[in-house]
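Student: build me a model from this:
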Amino acid sequence: MRNIDEKTITQAVLGAMAQCPDPRLLEIMGSLVRHLHNFAREVRLTEPEWEAGIRFLTDTGHITDERRQEFILLSDVLGLSMLVTAQNNARPAGCTEATVFGPFFVEGAPRVENGADIANGAKGTPCYVSGQVRGIGGEPVAGASIDVWQSDEQGLYDVQQPDAAGGHTHRARAQLRSDDQGRFHFRSILAHCYPIPHDGPVGRLLAALGRHPWRPAHLHFMIAAPGYERLITHVFRAGDAYLDSDAVFGVRQSLVADWQRHEPDAQHPGEGGYYTLAYDFVLNPVGGAA
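Tutor: Residues are numbered from 1 along each chain as shown. Predicted structure coming up:
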């Protein structure tokens, strides 16, 4: 490996990893090295620019903790998250489309019964959500595990609002199960558009690129049932100003739905009005067509 120059460095690096015992790791790292080196050559990367890139990645790591995943945000705004999701979640027509996971999912959300108020004090106009989980053949999927989470009317998720002890109270987040007919229903709050966290390195990158940090209003779902592929998706609120410019490229037209507004009535007095959302989910069986 002596006398390596800009024309021979790539092959030298590839040769150094040629004995890797893991074929898939070798494939991935080999492609990464080739693309990185070709990128540096294409843009004629300067040393100050390379140093700025290292600082950016370092800052991204420093701001990441158990409540904030800046690397996921970076992947999201570069479209990589949605690309990987699309590549790995091809399903037959009629199945609910997948979209990005996002950085605010929490393991161990409280288990609740159908009809529960999952808002648990989160600020927002009341919204009643209902639907059915079915298979691609139309069969109801009973006992499906349904994780749901969303931000409040200020655009904040519960994990972004720690208490004095540094923990957080689960709000607008829960897990429930579909009933014998695959149906589910719960009370939450109206979804609002919100900006992704943009006070860190990813936010500075967006600003430098002339991009906004906003996401259209949506409700997150993760649905799992034996015999079916797991579904990670959103339901987006029709009419939102950011449906065509989602900062993380996650919108699919099939996932856009109407939130219906209602005036107070006998069952919902004194709430100043409320909304309803009805949306059904269709799962693909394990081993089904793509």
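
Student: only C-alpha atoms from now on, for both contacts and neighbour counts.
Tutor: Fine.

Student: where along the stretch 51-200 of the chain do the helices fall?
Tutor: Counting by DSSP state H, counting those that start in this stretch, one finds helices in the stretch 51-200 of the chain at the ranges 70-77, 80-88.

Student: and of the ones you listed, who's closest to His234?
Tutor: Closest of the helices of the stretch 51-200 of the chain to His234 is helix 80-88, at 12.5 Å (criterion: C-alpha to C-alpha).

Student: hang on, Arg197 packs against Gly203?
Tutor: Quick fix: residue 197 reads Pro, not Arg. Yes: between Pro197 and Gly203 there is a contact under C-alpha atoms under 8 Å: 6.9 Å.

Student: could you name every residue contacting both of those two?
Tutor: Common contact partners of Pro197 and Gly203 (C-alpha atoms under 8 Å, 6 or more residues apart in numbering): Pro213.

Student: the two: which has the busier surroundings?
Tutor: Gly203 (21 against 18; other C-alpha atoms under 10 Å).

Student: so the more buried one sits in a helix?
Tutor: Yes: using DSSP: H, G, I helix; E, B strand; the rest coil, the assignment for Gly203 is a helix.

Student: ok, it - contacts?
Tutor: Contacts of Gly203 (C-alpha under 8 Å, 6+ apart): Pro197, Pro213.

Student: now the one 10 residues further on
Tutor: When contacts are counted by C-alpha under 8 Å, 6+ apart, Pro213 touches Pro195, Ile196, Pro197, His198, Gly203, Leu206, Ala247.

Student: ok, the third one - contacts?
Tutor: The neighbours of Pro197, taking C-alpha under 8 Å, 6+ apart as the test, are Gly203, Pro213.

Student: per-residue pLDDT, it?
Tutor: Pro197 is assigned 92 on the pLDDT scale.

Student: rewinding a little: of the contacts of Pro213, which belong to strands?
Tutor: Taking DSSP state E as the definition of strands, the contacts of Pro213 contribute Pro195.

Student: most surrounded residue in the contacts of Pro213?
Tutor: Each of the contacts of Pro213 was scored for neighbours by other C-alpha under 10 Å, and Ala247 scores highest at 23 neighbours.

Student: deepest of the helices of the stretch 51-200 of the chain, which one?
Tutor: Each of the helices of the stretch 51-200 of the chain was scored by mean neighbour count; the highest is helix 70-77, a mean of 20, by mean count of other C-alpha atoms under 10 Å.

Student: buried ones in the helix ranked longest in the chain?
Tutor: Determined from DSSP state H, the single longest helix within the chain is helix 23-43. The neighbour-count check on helix 23-43 (16 or more other C-alpha atoms under 10 Å) flags Leu26, Gly30, His37 as buried.

Student: now the end-to-end length of stretch 92-106.
Tutor: For stretch 92-106, the first-to-last residue distance is 29 Å (C-alpha to C-alpha, to the nearest Å).

Student: any idea of the mean pLDDT in stretch 276-290?
Tutor: Averaged over stretch 276-290, pLDDT sits at 90.

Student: contacting residues around it?
Tutor: Under C-alpha under 8 Å, 6+ apart, the answer for stretch 276-290 is 90-92, 94-96, 127-136, 227-231, 257-262.

Student: shaky segments in this structure?
Tutor: Filtered on pLDDT under 70, the chain yields the residue ranges 1, 164-166, 289-290.

Student: if you set the cut-off to 50 instead, what comes out?
Tutor: Counting by pLDDT under 50, the chain contains no low-confidence segment.

Student: other residues contacting the strand ranked longest in the chain?
Tutor: Assignment by DSSP E gives strand 126-135 as the longest strand of the chain. Where contact means C-alpha under 8 Å, 6+ apart, the residues beyond strand 126-135 that reach it are 140-142, 144, 178, 181-190, 228, 271, 273-285.

Student: OK, contacts around Ala238?
Tutor: Shown in contact with Ala238 (C-alpha under 8 Å, 6+ apart): Val256, Ala257, Asp258, Trp259.

Student: filter those residues to the buried ones?
Tutor: Val256, Ala257, Trp259.

Student: just those residues: which are in strands?
Tutor: Cross-referencing those against strands under DSSP E gives Val256, Ala257.

Student: reformat the buried ones among the contacts of Ala238 as CSV; add distance to Gly121.
Tutor: Formatted as CSV, these follow (distance: C-alpha to C-alpha, whole Å):
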residue, distance to Gly121
Val256, 26
Ala257, 25
Trp259, 21
